[in-house]
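Participant: Sequence and predicted structure are below.
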Amino acid sequence: MMMKFIQRGLVVLLASISLLNASPTSAQTNSTPATQNVVRNANPALWVVRDADTTIYLFGTIHLLPDGINWNQGAVKAAFESADTLQLEIANIEAETPAIQAAMAQRGLLPPNQKLSDGLTPALLDQLDRVEKEAGLPPKALDSMRPWLASTVLAISMVQKWVWIPIKASTKVLDGLARARNMPVNGFETGAEHD
């Protein structure tokens, strides 16, 4: 049963990666290559919740964001500048990164006697090997990972390689801006608690 789950998960993963792999080529032939510094203004959603004495701004942050997207403007910038506290999923992500990596290793690695490749047909194994290589990963780099972690590593590797170079996170930008203003920054969870 576990092997069927792994196979199904990897079929979906590999199909998704194939689509991701196809997108950058067409995107780069029809637009400016990702390596050029082109600034595009964005108007992300911002929700406001308020009562008589409190205003809360809800802004969905993105962990992977291409360079050159100017999202910190207009209503978002005004909301941030009027705030007296910043609440993030994880505060001070830089300091929490080792704890996040440890938690992912603990939850995302297979037991030593299992390999991701054990549940794959030869055709799927060939496809996984090809996608690993295209993503710039060493051979069998994903073999010790559970399917969810392998898919995450593959997706991030491909995004970094083909689409969004360099990568910035809006959470890191907001955290840095808040700390520069001596604004309190709180997290809903720590790196160790992060799922």
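Facilitator: Alright, I've got the coordinates.

Participant: okay, and the helix or strand of the chain with the least pLDDT?
Facilitator: Evaluated with mean pLDDT, DSSP states H and E, the helix-and-strand set of the chain has its lowest mean pLDDT in helix 2-30, which scores a mean of 38.

Participant: now the helix or strand just after that one: mean pLDDT?
Facilitator: Downstream of helix 2-30, the next assigned helix or strand under DSSP states H and E is strand 40-41. The average pLDDT for strand 40-41 rounds to 86.

Participant: just the strands in the chain please.
Facilitator: Ranges of strands within the chain are 40-41, 47-50, 55-58, 65-66, 69-70, 86-90, 167-168, 185-189, based on DSSP state E.

Participant: and the fifth one, how far from the chain's centre?
Facilitator: When distances are taken as C-alpha atoms, centre = their mean, to the nearest Å, strand 69-70 is centred 17 Å away from the chain's centroid.

Participant: Could you do the second one as well?
Facilitator: Using C-alpha atoms, centre = their mean, the distance from the centre of strand 47-50 to the centre of the chain it belongs to is 26 Å.

Participant: Quick check: the gap between the residue sitting furthest away from the middle of the chain and residue 100.
Facilitator: The outermost residue of the chain, judged against the average C-alpha position, is residue 52 (36.8 Å), by C-alpha atoms, centre = their mean. Separation of residue 52 from residue 100 (C-beta to C-beta, to the nearest Å): 38 Å. Where you see a C-beta, it was placed from the backbone N, CA and C, and this is true even at glycine.
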